[in-house]
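Q: whatever this is, show me its structure:
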Amino acid sequence: MPSTDMGKWAGRLLLVALACFALFFGFVTAGQRGGDNFFSNLTLTIPVLASAVAAVAGGITGVVARRRKDRSIVVKLAIFVGAVVVLWSAAEVAFPH
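A: Got it, this is the predicted structure:
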């Protein structure tokens, strides 16, 4: 478990990101579908954006916690998830489909 306050916040933000992502998939399973662009269906857009923001914030907070010598697996996982979200988002912008 995280030993610093920043490490605990990284874990909380990671949980928020995962919860928002699960909410998104719950809406998709319930029959919601996207439209022509990203903002066509706000029921799907808001949880995905909230998940991405929470994951990136958790990753940044995790990096700060690592600099304060917090070496817990929760902090490492928050950094990893934040980095994946940043790279995935950059790839979507650079190579739209």
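Q: OK, contacts around the residue located most distally from the centre of the chain?
A: Using CA atoms, centre = their mean, the residue of the chain lying farthest from its centre is residue 36. It sits 23.7 Å away. By CB atoms under 8 Å, 6 or more residues apart in numbering, the contact set of residue 36 is empty. C-beta coordinates here come from the backbone N, C-alpha and C atoms, glycine included.
Q: before we move on, what about the one 3 residues further on?
A: Taking CB under 8 Å, 6+ apart as the criterion, residue 39 is in contact with residue 45.
Q: got it, and residue 35?
A: Residue 35 touches residue 41, counting by CB under 8 Å, 6+ apart.
Q: list phi and psi for it.
A: Residue 35 adopts backbone torsions of phi -110, psi -150, taken as degrees, to the nearest 10.
Q: the one 5 residues further on too?
A: Main-chain torsions, residue 40, degrees, to the nearest 10: phi -70, psi -40.
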